[in-house]
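**Student:** Quick check, what structure comes out for this input:
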Amino acid sequence: MIEIVKYNDDDLRDDEIDEVVTRVRAFIVSSKNNMIVGFNEEGFQLLGGYVGDNEDIIESLKSMIYNECGIELDSKDIIEPFYEIRYYNRDYKCSGLNRLSDLIYFCVKTDKLPNHKKLKLSATELAQKLPLEVVRKSLFGKEIREYIEKEENQVNKIKAKELLLAYEKFKERYKN
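**Tutor:** Take a look at the predicted model:
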């Protein structure tokens, strides 16, 4: 069962929403409890992104993971949503639109490794890819907390705190 958390400081009703934006993010974990994550100037990043209109969220996530790192997920890989954060915003960024931003976190269990060669990228495209790291699942929370302590950019700090919250839910749900 997926846990849903709602942030609705603007007291919006669902019938007042003008647009819905859905993003998906994946905790990719191997049978050896290693996780694949990205890390750049904005901090830790999970693979994933925006889901298009009328696009299936799981197929979208599979496509994004393939495009970001060359891992081709299939039916043998376990892909399940476990946590969702919904942000309700009145007049989102002064656009005149009331927006629901839906962020869905997934657990992906696979032993497949990133392979950028599958993507047939140019040297320039490859250089622009998010740098990936393998992190022990048991150490990920510690690394995020250390990042939060030293990070000066407040937006990056907020994103890292949200990721830490999702990681704690991930640990609760997938204890082993």
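**Student:** least trustworthy helix or strand in the protein by mean pLDDT?
**Tutor:** Taking mean pLDDT, DSSP states H and E as the measure, helix 123-128 is the helix or strand of the chain with the lowest mean score, a mean of 79.
**Student:** any residues touching it, and which ones?
**Tutor:** With contacts defined as Cβ atoms under 8 Å, 6 or more residues apart in numbering, helix 123-128 is touched by 116, 119. In short, each C-beta sits where N, CA and C put it, glycine included.
**Student:** right, and the helix or strand after the helix or strand hosting Val135?
**Tutor:** Secondary-structure assignment from DSSP states H and E places Val135 in strand 132-136. Next along the chain after strand 132-136, taking DSSP H and E as the criterion, comes helix 137-150.
**Student:** Restricting to C-alpha, output that following helix in PDB.
**Tutor:** Below are the C-alpha coordinates for helix 137-150, written out as PDB (Å, rounded to 0.1, in the frame of the first residue of the first chain):
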ATOM      1  CA  LYS A 137      21.600   1.300   1.400                       C
ATOM      2  CA  SER A 138      22.600   1.300   5.100                       C
ATOM      3  CA  LEU A 139      24.800   4.300   4.600                       C
ATOM      4  CA  PHE A 140      22.600   6.400   2.400                       C
ATOM      5  CA  GLY A 141      20.700   8.200   5.200                       C
ATOM      6  CA  LYS A 142      24.000   9.100   6.900                       C
ATOM      7  CA  GLU A 143      25.400  10.500   3.700                       C
ATOM      8  CA  ILE A 144      22.300  12.700   3.100                       C
ATOM      9  CA  ARG A 145      22.300  14.000   6.700                       C
ATOM     10  CA  GLU A 146      26.000  14.900   6.200                       C
ATOM     11  CA  TYR A 147      25.200  16.700   3.000                       C
ATOM     12  CA  ILE A 148      22.400  18.600   4.600                       C
ATOM     13  CA  GLU A 149      24.700  19.800   7.500                       C
ATOM     14  CA  LYS A 150      27.300  21.200   5.100                       C
END
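**Student:** So which residues make contact with it?
**Tutor:** 29, 33-35, 37, 43-44, 135, 157, 160-161, 163-164, 167-168, 171.
**Student:** Okay then, goodbye and thanks.
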